Every structure is written in structure tokens, then in C-alpha cells.
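Peer 1: Prediction below, plus the sequence it came from.
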Amino acid sequence: MKLEKFKERDNKRIGIIVFTIACILLVSGVILYRTFAIFEVKTNQNVINGSVQSMGDLEFAFYKDNDIVKEVPKKEEGYSLDTSSSYCVDLLNNQKVSNVNWNYENWSVEIKNVSTTKTKCYLYFKQIYKDPELNGAIPDLGNGRLIPVQIKEEQPTGITIQNMDGIYGGKVVKADITDKWYSYTDKQWANAVILKDGVSDNYTPGQEIPESDIESYFVWIPRYRYQLFSENLNQYSLSDLGNIDSSKPEDLAKIPSNVPNIQIVFETKEENVTQGVKKGDWLTHPAFTSFNSNGLWVGKFETGYKEAIDEAGARKNAKEENKVIIKPNVYSWRGLQIGNAFYNSYDYKRELESHLIKNTEWGAVAYLASSKYGLCDEATCENIMLNNNISYITGYSSKTQPVCGYIGVSEACNNYERAPLNTNGNNTYNYFDTRSKVASTTQNYSGIYDMSGGAWEVTMGVMQSSAESSIPATGPNQTSNSGFNGPYSNADGKKEDGFLWPSKKYYDLYDYDTSINTYNRGILGDATKEIETFFAIHYYSVTSGSYYHQNYYSSYQTDSAQFVRNIQPWFVRGGHWNYGSGSGIMAFGMSDGNLDSGHGFRIALAP
């Protein structure tokens, strides 16, 4: 049976509780709305092992921080029901009779399997944990649609790795949001998961959530302002370093290195937006102003294709948002036009404002990682390890840091290999081996993976179609484009039978140019504009016995640096499994927007 909704009446404020009871033939649950309210009785309804004839059949006691109170705390007070402490008791037999859950969207308690005529429920509410370092920009769990978790260095149930000679990790447990479940000061970023359809959140804090129940992982990027660190925001240097043999220390010493430890202060959307313009000024990162949010949930891994059993099965140029998975140890979804990547992201979880990550949003992750909250300490910043698995499987990590960029073949200076699912390779670690943590933005399991290597990731960062137009380009021409309607950037005409452009808040627009080296066209915060030093290199290949063709890199960990232009007007980020030292969180390249088997995508949420 089910006691239907108890509806509050505004004209009565006394402590009398009366019930509205609906007749349903199966005992399933009770929903109590948010306040200490007044209800009416409908008698002779077969609800709890017989008829309810009086007001005393179900009683509630509310506790806030262990103090008894008269009403459920209001949503904005920052409390959560402690389901591990809350319970119902059969008053006739003095026995526990049901468990209690909380519906965050309706702000109501759900009491299941009540089957006695005299029941009292004890509801304990605790203050939600708020990391003081975040200054109020705490994780938004989307009215309970996101399940808060912690990731332990323990073996997950059902996970076995071939060639495993290390320590298992990656076990997901439900977090207690009233306790310290994240700490950005300690480089422990907040994580959450979305469960598969049909899987209910019946987990208690500390209980494992098996991989088989999880559809997607996300990591919270709190809203922040940062201190501008570039001396000349609209100028840059570009040089040709010529031939570099990475086996020679004297050659590697020629490569400039300027890795900033970015100063960050977290803030909420209630604070005034800071608008710095020169070095030393503070700027509210633009990734957060588009959606006016207190932060973003960013996919922990490249987006995968559900049910793909091999690398080829994850190459799908299709609009199939129901195939989205964001997990470790799955095949990255690649080979789709940016229009399909956008709408698969956009329609994935509309109620959570899901979308394809923007170029500035990628920059927000990169800058947070390049601070004391991620890869940096007071003296140095670590280099994130790349995913060097040719199979495009998410969460992998190279065993060694490459010292050369793209040379067209795997060599000692840039090792990569094809490792199958659930397997450690000779040169690569699976995510569930704790040694993979060096591929995370925090060097631990709480960070974001695949930000270096794996597949190049397309973003919603696009160039104008011409110098005279503020309209974004769909692509260079009729045969190579993103699928969006609009003018071409390297041919006359426009596409008219494709996807509609979304609102401007979903993309970043860049000035038109025909060169890959006009770096001053960047946007503050996108992790392209504030890098001042760029250079060209010909890396030496032992296999060929010659220097490979020229590529462009930046002084940030020698990350690849190729700006959008007329024939490739879309930004891709992070590098590729064969780009070696050219892959990284600051790496940027370009795409025509059309399908490419080496290009994947990442989803962000702005609840």
C-alpha cells in the first residue's frame, strides 16, 4: 500500500498531523513533504495491514544536528537526511520496520515497506560538508541526480587486470556528504556518478557502487577567479629551434620551459565578476560566467560508446545520446562530426545542463590542474602523464614520461602500444592499477583523466567564417564540416541542411585567420592566449635515421600548439596517444569539424 502525498495547508500552523490516504493495493512507500505540516484523514482505506482510523498510526520525530525540531530543515539551509541514522519503528512490537531515503528534487522523505498500523519514524538531518577553501562554490548534486562518491585505492568488485603486478585501485564507494568527502586543499577533488537506467540509489555511505551499476563519472570544477600571469597578453614569441635529438641533453636544454603555478581563489556566482586585463589582475574565469554557475561537472574520462567491444565499434558518426558512457576501461567514442558530438552531449542529461565541453571550459580544468590544487606545489608543477594506448581505451597511463613529440613511430623517447581492455601493457598501465594515477590532473584517483593523449578531443571552440563576419564557420567546405548550418571558412557558400546552432553560451568564437601561429587570437582563460613562448621543432627519429617534419609546441611542458585557421576552424585539445611530449593539458590543435577516427569528445554539466 502507499500513503500518497501529504499536502501542506498554509492556513494552519499548529502541530496537528492528519493524513490523506490513497488506496493502492500494494504496500510500497510513503512520501512526506518538506515541512511539519497538517494533513486530513480518509478512513477505511486498506493501507497498512488494515484500515487507518486515527491520527496516531504514523508519527514523525525530526532531529537537526541531534536536536529535536518541529519541522524538516529548508532546502537552502544546507542539510541532508542522514539515511544511515534515520529509521522507522513498529510501536506495537518495538521493532525496526523500514528504511528511509531522501528525494532531493521534491525535498521529501521516502519511507518504504511500511506494513504496520502503529509506526514512528526518526529522521536525523545533518549539515552538508562544505570545504571552507571553496568559499561557497561547493558541489551541486543536481537535486540528487548525481551520486557523490569517493574512489579508493582498493580492488573494485568484478575487476581483474591481466599482467597485473601492482596494486589495485579505483573502487567507488558512496560518499557521506555530511562528512569530509573532498578537499581541494589536499588535492582531493569532488567526484560523482550517474547510475545506469533502472539502477536505484539504495547505497548507504561507505558502501561500494560496482562498476556494473555506473554509467558516468564526473568531477567538480568549482567556480574561481585567477591571477593573470602573462606579461604581454597580446604578444608572443615564435622561434625555430631546428633539429632536436632527444637523446642528447644539450639538445633538450634548448627547449624553453615556462610552467606557471596559477594563483586561484574560489568564489560563488553571488560575488561580483572580476575583469582583469593585465598581469597581476584577477579575472573570474569565463567558463563559469556563461552559465552563471558555481562550478561545472566535467567528464572524468573521454566519452565512451556503450556496448562497444572493440576500437572500431566505438567509431560512430551518429546522434545516439543513449549510448553515452563516461567510464574507465571503455573504448572512446570517436569518428563523429562535431555537430553530432554536441547534440549527443546536449541531449544526454538536459535536466543537468549537459553540453559538449567548450574551449574555455577545457582551459578552466587545465588552469585548476596547473595550481596548488592540482599538479603544483610551491616549487614545481608536475607534468601529467599521457594515455599512450593505441586502442583508445579510457584511463590508461604511460609508464614513462616521453621526451620527444610526434615522430610517426613508437621509440624510446615516445613509447606507445596497443593494450587490450583489462590489461597492463609493456609501456602502459590500466586505470585500475594505482600506478595510472600519474595520468590524473591531481596525481590521485580524484582527478580527471585522458586530458593528455588518448584521442584529440573536439571542443565548442570555433573560428569566424571570415574576417568580415561574426558568424561561426561550420567547416572549410561542403565535404569537410561539422554538420552545423552556416558559411564555410575556405570556400564560397554555406551549409543549410544540417544542425541548428545552439545559443552563444555553448561555444567560444575566435577571430578569423589563415595561420596556425597567430596565437594572440586566444581568449583569456582558454589555455592558449596566456602562453607567451612558442617554437618549432624537428625531432629526431632513430627508426628513420632522420629528423621528422616540423611541428609547433609551447613552453608549457612542450605541449602541441597549433591555432585554428581557415581550413581547420575548430579547436581540439589534449593531444593524441602518439604525440608524446606534445600531448598535455595545455595542448591545442585544429580540426575541420568533420569525422576523424582520432578525435573524441568530453561532456560537461552546469546544473
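Peer 2: Yes, it's here.
Peer 1: any idea how far residue 124 is from residue 244?
Peer 2: Distance of residue 124 to residue 244, computed by CB to CB, to the nearest Å: 63 Å. (Glycine included, C-beta is placed from N, CA and C.)
Peer 1: When these two are compared, which one has more neighbours?
Peer 2: Neighbours were counted for residue 124 and for residue 244 using other CB atoms under 10 Å; residue 244 has more, 23 against 20.
Peer 1: pLDDT score for that one?
Peer 2: On pLDDT, residue 244 comes in at 96.
Peer 1: Give the full set of residues in contact with the residue nearest to residue 500 when sequence neighbours are not counted.
Peer 2: Ranked by CB to CB, 6 or more residues apart in numbering and with sequence neighbours excluded, the top spatial neighbour of residue 500 is residue 485, at 6.4 Å. The contact partners of residue 485, taken as CB atoms under 8 Å, 6 or more residues apart in numbering, are 474, 494-501.
Peer 1: For residue 485, give me the pLDDT.
Peer 2: What the model reports as pLDDT for residue 485 is 98.
Peer 1: can you check the one 3 residues further on too?
Peer 2: According to the model's per-residue confidence, residue 488 sits at a pLDDT of 98.
Peer 1: Surely it and residue 472 touch.
Peer 2: No: checked against CB atoms under 8 Å, the pair residue 488 and residue 472 is beyond contact range at 11.3 Å.
Peer 1: quick one: common contacting residues for these two?
Peer 2: The contact sets of residue 488 and residue 472 overlap at residue 465 (CB under 8 Å, 6+ apart).
Peer 1: The two: who's more crowded?
Peer 2: residue 472 (24 against 21).
Peer 1: Can you tell me who that one pairs with across the strands?
Peer 2: With DSSP bridges as the criterion, residue 472 is bridged to residue 464.
Peer 1: Take the contacts of residue 485 and keep only those in strands.
Peer 2: With strands taken from DSSP state E, the overlap with the contacts of residue 485 comprises 494-495.
Peer 1: which of the contacts of residue 485 are buried?
Peer 2: Among these, those buried by neighbour count (16 or more other CB atoms under 10 Å) are 474, 494-495, 498-499, 501.
Peer 1: Out of those residues, which is nearest to residue 576?
Peer 2: residue 474 (23.9 Å; CB to CB).
Peer 1: correct me, but the closest one touches residue 491?
Peer 2: No: using CB under 8 Å, residue 474 makes no contact with residue 491, being 10.7 Å away.
Peer 1: which residues of the stretch 301-450 of the chain score low on pLDDT?
Peer 2: Along the stretch 301-450 of the chain, no part satisfies pLDDT under 70.
Peer 1: Which residue ranges of it form helices?
Peer 2: Using DSSP state H, counting those that start in this stretch, the helices of the stretch 301-450 of the chain run over residues 338-346, 359-369.
Peer 1: just those: most buried one?
Peer 2: The highest mean neighbour count among these, using mean count of other CB atoms under 10 Å, belongs to helix 359-369: a mean of 28.
Peer 1: Check which helices and strands it is in contact with.
Peer 2: Counting contacts by 3 or more CB pairs under 8 Å, 6 or more residues apart in numbering; DSSP states H and E, helix 359-369 is packed against strand 214-222, strand 224-227, helix 286-289, strand 295-299, strand 456-463, strand 570-573.
Peer 1: what's next to that helix, contact-wise?
Peer 2: The contact list for helix 359-369 (CB under 8 Å, 6+ apart) reads 221, 224, 226, 262, 264, 285-288, 290, 296, 298, 374-375, 384, 441-442, 447-448, 451, 457, 459-461, 508, 523, 525-528, 571, 573-574, 585-586, 602, 604.
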